[in-house]
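Asker: Make a model of this:
(one chain, ligands or ions: 1)
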Amino acid sequence: MSPPSDADFIINHNKSSPDLKTASTILHSTSEDDIDSLNNLLSDIRLFTTLRDADIDPISLKWDSKSSDYKSRGPVVCNFYKEGTTQHNAIGAHSGCYSVYHGLAVAAKQLNPNFTPSFENTDPQFEVPYNEKWTDGKSIVSIDPFGHLAIPENYPELAENVDIRPSIAITKAVLQLPDIQALVKEGKIPVDGKIVLNKEGDVAISKIALDSVWYLPGIAKRFGITEDELRLNLFKDTNNMYPELITRPDIKTFLPPIGGSTVYIFGDPSYLSDPTKDLALRVHDSCTGSDVFASNICTCRPYLIFGIQEAILQAQTPNGVGMCVYFQKEGRSLGEITKYLVYNARKKYGDTADKYFLRTECIAGVRDMRFQQLMPDVLQWLGIKRINKMLSMSNMKYDAIIDAGITIDKRIPIPDDMIPGDSNVEIDAKIHSGYFTTGSVKTEIELKQTHGTEWK
Ligand SMILES: [Zn+2]
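Answerer: Next up, the predicted model:
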């Protein structure tokens, strides 16, 4: 295949200003003579659209359509390609935190921006049945409930004019997790040939990747603020990255540049929406240091493994199903930089449980930015009404799920013998702050005596 020509990389953001290179030259010119051309350029180039633009004609998108008919609700369209500049109905870009790589690939001339994807043979590998929460306008506000159906083939007339892309993908896989394989070999998880496929401990799963798609009025309502407050603060706090948050109040949907989530289902996915079936659920927020590299300073990986183990065992019962949802929310959504700075400060100050949250608050201003209020959306999307076993001690996750109207029969803390050496500071502090436990809650004085190990 021959490389695309330069012409392929000129994006027609606006019929009258097709040449970004010329635009950039004029913007950087210091010549007085160029003032006129600069003014012409700024009135020409479409840096953003406003509600008052005469040619604005967004594709209809009715988040609270109260109907399973996704065609009449309309797809989420954000790309400026084709006629997207005037017809888009969402702010932001696809692929969450990876959206900027797309721009870099185009800039580096490795990706033709006018490339048209083929979604042939990429269909969902199992069905997620519609339920009324998808379109009530309030139960699901942080993912697009029809995101797996947003492909050009489902909207052929619209797709001629705009770029339509999915924000959800549904597939299958086989896991080979060393910890689970060891439990199978020890006989603690039986081989059933359906979920645990063989004595080597291979585990069959169904899985779903979801990007974040925010319905702004619903997000604002969830946090008890006005939509204007939300828009203004998102705009200002991203250093003006998304002007249309301000200039297009008619557009209610925003694709934020943040991590998404992945659902791992053990057993029959159709059991999830059936409240007579028993669901074991772990809702997990990513912690690469522990989850992948087994750092001993927190309980993330052991609790995740325990969650998977319980999910498998539940799925192996006649009426059972198991699930883990993995959210990309590194370091409580504060990021790894903050997290490592906190580790340093903790160790320098002597690392006791009574100061555990303070160390984060000193650096980040808050102890947590995961906003569990949005977490139940994926459970609502899957039609979950009852959780038999909740593999989490977090009061924030528990409260969010209960507030969403989902029942939890019992909460299961991480077993004591799975808590790694240096993570007692974290777990004691969390239990003291309200995390669920079947054991005792330490007093303020006792927290001072829970010490982390010293760094040599
Ligand atoms: Zn962790």
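Asker: List the buried residues of stretch 171-182.
Answerer: 175, 177, 180-181 (16 or more other Cβ atoms under 10 Å). C-beta here means a position set from N, CA and C on the backbone, and glycine is covered the same way.
Asker: ugh, wrong one, I meant stretch 344-364
Answerer: Buried residues in stretch 344-364, counted by 16+ other Cβ under 10 Å: 345-347, 351-357, 359-360, 363-364.
Asker: Of these, which belong to helices?
Answerer: 345-347, 356-357, 359-360, 363-364 (DSSP state H).
Asker: Would you mind giving those residues as JSON lines with distance to Leu38 added?
Answerer: Listed next are those as JSON lines, based on distance: Cβ to Cβ, whole Å:
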{"residue": "Ala345", "distance to Leu38": "48"}
{"residue": "Arg346", "distance to Leu38": "52"}
{"residue": "Lys347", "distance to Leu38": "54"}
{"residue": "Tyr356", "distance to Leu38": "54"}
{"residue": "Phe357", "distance to Leu38": "51"}
{"residue": "Arg359", "distance to Leu38": "50"}
{"residue": "Thr360", "distance to Leu38": "46"}
{"residue": "Ile363", "distance to Leu38": "42"}
{"residue": "Ala364", "distance to Leu38": "41"}
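Asker: Which pair of these spans the longest distance?
Answerer: Lys347 and Ala364 (17.2 Å; Cβ to Cβ).
Asker: rewinding a little: closest one to Asp136 out of the buried residues of stretch 344-364, please.
Answerer: Using Cβ to Cβ, Ala364 comes nearest to Asp136 of the buried residues of stretch 344-364, at 34.3 Å.
Asker: Just confirm that closest one contacts Thr338, I think it does.
Answerer: Yes - using Cβ atoms under 8 Å, Ala364 makes contact with Thr338 at a distance of 5.2 Å.
Asker: for the buried residues of stretch 171-182, which one is nearest the ion?
Answerer: Leu177 (17.5 Å; Cβ to the ion).
Asker: for Ser84, what are its contacts?
Answerer: Let me fix one detail, which is that residue 84 is Gly and not Ser. Listed by Cβ atoms under 8 Å, 6 or more residues apart in numbering, the contact partners of Gly84 are 77-78, 162-163.
Asker: I'd like to know which of those residues are part of helices.
Answerer: Among those, DSSP H puts none in helices.
Asker: before we move on, the earlier item: which one of the buried residues of stretch 344-364 is nearest Ser29?
Answerer: Set against Ser29, the nearest of these by Cβ to Cβ is Ala364 (42.0 Å).
Asker: who are the neighbours in contact with the closest one?
Answerer: 334, 338, 342.
Asker: How confident was the prediction at the residue minimising distance to the centre of the chain?
Answerer: Nearest residue to the geometric centre of the chain (Cα atoms, centre = their mean): Gly260, 2.1 Å. At Gly260, the model reports a pLDDT of 97.
Asker: so where's the protein uncertain?
Answerer: Residue ranges of the chain with pLDDT under 70: 1-21, 23, 41-44.
Asker: what does it put close to the ion?
Answerer: 287, 290, 298, 300 (Cβ under 5 Å from the ion).
Asker: Could I get the buried residues of stretch 344-364 in JSON lines, plus columns for distance to Lys66?
Answerer: As requested, these are exported to JSON lines (distance: Cβ to Cβ, whole Å):
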{"residue": "Ala345", "distance to Lys66": "50"}
{"residue": "Arg346", "distance to Lys66": "50"}
{"residue": "Lys347", "distance to Lys66": "54"}
{"residue": "Asp351", "distance to Lys66": "53"}
{"residue": "Thr352", "distance to Lys66": "53"}
{"residue": "Ala353", "distance to Lys66": "49"}
{"residue": "Asp354", "distance to Lys66": "50"}
{"residue": "Lys355", "distance to Lys66": "50"}
{"residue": "Tyr356", "distance to Lys66": "46"}
{"residue": "Phe357", "distance to Lys66": "42"}
{"residue": "Arg359", "distance to Lys66": "47"}
{"residue": "Thr360", "distance to Lys66": "42"}
{"residue": "Ile363", "distance to Lys66": "45"}
{"residue": "Ala364", "distance to Lys66": "40"}
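Asker: residue of the stretch 1-150 of the chain with the smallest distance to the ion?
Answerer: Cys97 (19.3 Å).
Asker: For that residue, grab phi and psi.
Answerer: Per-residue torsions, Cys97: phi -70, psi -10 (degrees, to the nearest 10).
Asker: any idea how far it is from Ser286?
Answerer: Distance, Cys97 to Ser286, by Cβ to Cβ, to the nearest Å: 12 Å.
Asker: which ones are touching the spatially closest residue to Asn131 that is not a sequence neighbour?
Answerer: Of all residues beyond its chain neighbours, the one nearest Asn131 is Gly383 (4.5 Å), with distances taken as Cβ to Cβ, 6 or more residues apart in numbering. Going by Cβ under 8 Å, 6+ apart, Gly383 touches 128-129, 131, 133, 272-273.
Asker: In three-state terms, label Gly383 for me.
Answerer: Put simply, Gly383 is coil when judged by DSSP: H, G, I helix; E, B strand; the rest coil.
Asker: residue ranges for the strands of the chain, please.
Answerer: In the chain, the strands defined using DSSP state E lie at 90-92, 168-175, 203-210, 214-215, 253-255, 261-266, 278-285, 320-327, 386-390, 407-411.
Asker: Out of the ones you listed, the one nearest Asp422 is which?
Answerer: strand 278-285 (19.3 Å).
Asker: tell me what the closest one is packed against?
Answerer: Applying 3 or more Cβ pairs under 8 Å, 6 or more residues apart in numbering; DSSP states H and E, one finds that strand 278-285 contacts helix 300-315, strand 320-327, strand 386-390.
Asker: picking that back up, can you name the two of the contacts of Gly383 that are farthest apart?
Answerer: By the measure Cβ to Cβ, Lys133 and Leu272 form the most distant pair in the contacts of Gly383, at 13.2 Å.
Asker: out of these two, which sits in the busier spot?
Answerer: Leu272 (24 against 20; other Cβ atoms under 10 Å).
Asker: residue contacts, the more buried one?
Answerer: By Cβ under 8 Å, 6+ apart, Leu272 lies in contact with 265, 279, 321, 323, 382-384.
Asker: so which of the residues you listed would you say is closest to the ion?
Answerer: Once Cβ to the ion is applied, the member of the contacts of Leu272 that ends up nearest the ion is Met323, at 20.5 Å.
Asker: count of residues packed around that closest one?
Answerer: Counted with other Cβ under 10 Å, the neighbours of Met323 add up to 30.
Asker: Just to check, it is in contact with Thr262?
Answerer: No - Met323 is beyond contact range of Thr262, at 10.9 Å (criterion: Cβ under 8 Å).
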